[in-house]
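In: mind folding the following:
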Amino acid sequence: MKPVFKYIYGPVPSWRLGSSLGIDLLSQEEKICNFDCVYCQLGPVKKHTIERKIYVPVEKIIEELEMLPQTHIDYITFSGRGEPTLAANLGEAIKAVKLVRKEPIAVLTNSSLMGTNKAREELALADFVVAKLDAYSPESLQEINRPANEVEFGSILDGIKKFRKSYGGKLALQVMFMENNKVYISKYVYLANYIKPDEIQVNTPLRPCGIKALTKEEIFKIKGNFIASCQGINVVCAYDERAEKSIVSLSDEETLKRRGKVK
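Out: Numbering: from 1, shown residues only. So this is what the prediction gives:
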């Protein structure tokens with residue numbers, strides 16, 4: 001009988017992570033998030049939550065990893081239907097996965113809880129943290145990410161900066177560029193030089209959603225601005241050319257629930 005996977009999905013070809021096997025520690029019918037980003041491929045959030053709690057026991061994740069067929073994986077990535085730091089057992093899960101798998105661990109976070117010591121401590125267990133920073137001000141946070149009332153721009157920025165100072169792994173800033181924020185590139189350059197991540201990921205909404213993606217020319221121009229102004233920081237973008245890899249997902253249905261597309 002073919003194994004059924006509920007909490008792990010992919011692997012998918014990721015422009016940032018190569019062959020990425022996803023782990024969804026939230027895995028509910030509705031997405032669990034404290035943001036309601038205008039470009040989210042999962043649709044609008046029905047109710048914000050900032051409560052950290054256990055949605056999926058770690059034992060269930062390990063059971064599915066132990067059923068995983070032989071396949072090439074570059075990263076095991078905590079992501080899925082919402083913000084992974086809302087799972088109160090994120091740190092426990094990262095530790096447990098490291099005991100049974102040899103691949104490096106990545107976490108894709110919206111950065112909303114990085115102002116708290118507990119979230120930073122748990123994220124620090126990962127090898128690669130991709131921190132979203134779409135906003136350049138409190139006003140733009142409201143416009144682009146539409147967060148829960150308790151989430152503040154200053155806390156996000158301070159949290160990422162503190163994390164950068166103490167974290168020994170690879171830190172990337174991911175910025176989603178659209179028509180309404182592309183002209184503020186100088187503000188993003190300032191923030192990148194303030195935080196000093198290892199990498200800047202220039203993104204635009206390429207997955208199905210109601211927001212129009214910027215063109216290749218526009219994104220390469222933004223990338224060029226970062227390269228010219230952020231010395232010592234690697235810069236990648238969603239339109240970079242990369243070798244095509246043949247990657248077969250465990251389940252297209254479960255992958256579509258989390259990403260809006262398989263490839």
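In: now the helices for the stretch 1-150 of the chain?
Out: Ranges of helices in the stretch 1-150 of the chain, per DSSP state H, counting those that start in this stretch, are 58-66, 90-100, 117-123, 138-144.
In: for those helices, which one sits closest to residue 162?
Out: Closest of those to residue 162 is helix 117-123, at 6.5 Å (criterion: CB to CB). Where you see a C-beta, it was placed from the backbone N, CA and C, and this is true even at glycine.
In: which positions in the closest one come out as buried?
Out: By neighbour count, and taking 16 or more other CB atoms under 10 Å as the criterion, the buried residues in helix 117-123 are 119, 120, 122, 123.
In: what bits of the stretch 1-150 of the chain have low per-residue confidence?
Out: For the stretch 1-150 of the chain, the stretches with pLDDT under 70 are 1.
In: stretch 229-240 spans what distance, first to last residue?
Out: When the termini of stretch 229-240 are compared using CA to CA, to the nearest Å, they are 19 Å apart.
In: what about residue 127, how many residues nearby?
Out: Taking other CB atoms under 10 Å as the neighbour definition, residue 127 ends up with a count of 16.
In: you'd agree it is up against residue 101?
Out: No. Using CB atoms under 8 Å, residue 127 is not in contact with residue 101; the gap is 11.7 Å.
In: would you agree residue 112 is in contact with residue 160?
Out: No. The criterion here is CB under 8 Å, and residue 112 misses it with residue 160 at 10.7 Å.
In: buried sites along stretch 74-89?
Out: 74-87, 89.
In: over to stretch 14-34?
Out: In terms of neighbour count (16+ other CB under 10 Å), stretch 14-34 has its buried residues at 14-27, 31-34.
In: what does residue 174 show for phi and psi?
Out: According to degrees, to the nearest 10, the main-chain angles of residue 174 amount to phi -110, psi 130.
In: noted, bye for now.
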